[in-house]
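[1] Sequence plus the predicted model coming up.
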Amino acid sequence: MQPDRHQIAIFDDRPFFERAFVYGVQSGIIDQEKISSIRNDAPKGMVQIAEYFGTQYLRPNIEEARLRLVNLVSLFLEDSSGGDLDKAARSLRDNTFLSHSRGGSEMLKSLWSMPEDGSYGILVRQSQKEFLADWSLRSLADYRQALALREGHQVAISTALWFAEKLDMPASGISTVSVESIIRTAMLVYLSGITPVSIPNSAGLIGILDAIRQKGLPAKGRKQLKETFRALPAAWLAVTRRELKKVETEDLPRILDASVPMNRLIQELEPLYFLRDFGPEDASLFDAAVSEDWRRLTGGKTDDSSLLTIFVCLAADLPPRPALSKAAARALIRKARLDGFKRLPVLGFIRAYAPYEMQDDLEALWTEFFPEAQGILLAAADTTLGDAVDFLKENCIVV
């Protein structure tokens with residue numbers, strides 16, 4: 001029983017062009033005239049490639065050009081023939097050698113032109129020459145894997161732009177953004193039942209979250225979504241359903257969980273959604289959402305000394321207090337020396353609870369204060385804690 005030519009190809013690591021060429025010669029598909037034509041065309045192609053990527057006069061460039069040429073021909077041949085050596089040999093017989101090289105080059109140029117990730121509005125792209133320098137030496141398996149990924153990105157981008165237009169946001173109004181966030185936003189907007197449907201700003205997102213938390217999803221939201229799916233092109237259904245599933249399984253349970261403070265919910269969800277530009281009205285609504293917790297945690301204090309007292313408590317992993325007794329101050333210092341004095345918990349606290357317009361100033365206050373506080377509070381030479389307590393009295397509220 002004769003082995004199938006596909007089986008032979010599986011165990012042959014020669015370039016596909018070489019395998020197809022040898023097969024064609026041995027089977028009589030490729031005659032002497034075609035062999036001579038390929039021999040004449042190959043050096044021309046090598047020189048062209050060497051000139052494009054470097055210079056035709058340096059031997060290493062010519063040798064690398066030979067590898068690129070053979071690989072480009074192999075890419076086109078194997079892809080267009082589906083790995084069938086007989087088909088590939090007949091293609092070599094019926095078409096010029098350099099047309100196969102151009103075919104491989106066009107495959108890679110088309111790949112380069114496709115989106116390399118799921119972002120829209122990327123301004124910087126690898127140059128075509130740099131891309132070809134890399135990919136003209138890659139395998140067909142690498143090409144097909146990258147093609148599948150980039151086709152997926154293209155579908156996601158097309159889907160997102162369709163939804164953005166439906167939600168009154170033209171492509172010209174979208175800067176660099178993850179396109180999945182646009183689709184996710186559309187799913188939430190339709191489910192919420194708001195009218196007219198549009199991309200919300202931060203204030204609008206907070207309003208949607210609050211309405212869902214208070215009243216749940218309205219029936220008209222599901223109806224709106226069904227109508228939208230009926231109008232959606234079939235090729236875009238899969239990516240849309242994927243984002244809808246994220247909203248339903250990841251976001252809605254958090255939104256409906258009344259034990260999650262609204263300010264924390266906003267912090268967690270806002271980065272996942274595409275929103276219109278943040279404006280003054282957004283800042284005021286954001287502040288309204290967080291102000292209750294901020295006032296409760298700070299005791300309504302706004303002076304630096306009280307806030308620094310709260311911050312050192314958090315840095316020592318203690319409940320926040322705007323004032324400390326002398327005994328509490330000494331206990332804080334001992335705990336900090338035992339368990340550490342940490343900067344990051346305070347930064348997280350500021351971003352989670354502080355009013356928006358105060359956050360940058362509070363971060364600057366803490367960032368400037370922390371190194372000196374850490375050095376003095378943790379100084380091993382201060383065995384009586386006197387210097388550390390004096391430092392807290394000077395900068396915080398110790399009564």
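    Now that the structure is in, tell me what you want to look at. Numbers count the residues shown, from 1 in each chain.
[2] Domains in the chain, by residue range?
    Annotated domains of the chain cover 5-107, 164-278, 292-395 [automatic domain parsing].
[3] mean confidence for the longest one?
    Over the span of domain 164-278, the pLDDT mean works out to 88.
[4] Reformat the domains of the chain as CSV; add mean neighbour count and distance to residue 137.
    Heads up, the C-betas are built off the backbone N, CA and C, glycines and all. Conversion of those to CSV gives the following (neighbours: other CB atoms under 10 Å; distance: least, CB to CB, whole Å):
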stretch, mean neighbour count, distance to residue 137
domain 5-107, 17, 6
domain 164-278, 16, 31
domain 292-395, 16, 45
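[5] Of all these, which one is nearest residue 130?
    domain 5-107 (10.2 Å; CB to CB).
[6] Now the closest one: average pLDDT?
    For domain 5-107, the mean pLDDT works out to 88.
[7] Ok, stretch 331-342 next?
    Summarised as a single mean, pLDDT over stretch 331-342 is 93.
[8] what's the following helix or strand after the longest helix along the chain?
    The residue-count maximum for a helix in the chain (DSSP state H) belongs to helix 140-166. Per DSSP states H and E, helix 140-166 leads on to strand 177-178 as the next helix or strand towards the C-terminus.
[9] Now do that next one: distance to the chain's middle.
    Centre-to-centre, strand 177-178 and its host chain are 7 Å apart (CA atoms, centre = their mean, to the nearest Å).
[10] Mind giving me the packing neighbours of that strand?
    Strand 177-178 sits against strand 119-120, with contacts defined as 3 or more CB pairs under 8 Å, 6 or more residues apart in numbering; DSSP states H and E.
[11] just checking, what packs against the helix or strand just after the strand it packs on?
    Next helix or strand after strand 119-120 toward the C-terminus (DSSP H and E): helix 128-135. Judged by 3+ CB pairs under 8 Å, 6+ apart, helix 128-135 is in contact with helix 32-53, helix 97-113.
[12] what do you get if the cut-off is 6 Å, keeping everything else the same?
    When contacts are defined as 3 or more CB pairs under 6 Å, 6 or more residues apart in numbering; DSSP states H and E, helix 128-135 packs onto helix 97-113.
[13] who's residue 398 bridged to?
    On the basis of DSSP bridges, residue 398 is bridged to residue 324.
[14] Which pLDDT value belongs to it?
    For residue 398, pLDDT reads 92.
[15] try residue 358
    Looking at residue 358, the pLDDT reads 81.
[16] mind checking how far it is from residue 178?
    29 Å (CB to CB, to the nearest Å).
[17] Residue 106 now?
    Noted for residue 106: a distance of 30 Å to residue 178, by CB to CB.
[18] Quick one, which of the domains of the chain gets closest to residue 126.
    Comparing the domains of the chain by CB to CB, domain 5-107 comes nearest, at 14.9 Å.
[19] distance between that closest one and the chain's centre?
    Centroid separation for domain 5-107 versus its chain: 38 Å, with CA atoms, centre = their mean.
[20] Find the nearest non-adjacent residue to residue 326, please.
    Leaving aside its chain neighbours, residue 326 sits nearest to residue 398 (6.1 Å; criterion: CB to CB, 6 or more residues apart in numbering).
[21] list the contacts for that neighbour?
    Residues in contact with residue 398 (CB atoms under 6 Å, 6 or more residues apart in numbering) are 324, 329, 392.
[22] nearest to residue 49, of those residues?
    The closest of the contacts of residue 398, once distances to residue 49 are taken by CB to CB, is residue 392, at 71.6 Å.
[23] Give the other helices and strands that the host helix or strand of that closest one contacts.
    Using DSSP H and E, residue 392 maps to helix 386-395. With contacts taken as 3+ CB pairs under 6 Å, 6+ apart, helix 386-395 sits against helix 326-339, helix 359-377.
[24] Using TSV, please lay out these together with distance to residue 13.
    What follows is the helices and strands packed on helix 386-395, written out as TSV (distance: least, CB to CB, whole Å):
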stretch	distance to residue 13
helix 326-339	59
helix 359-377	58
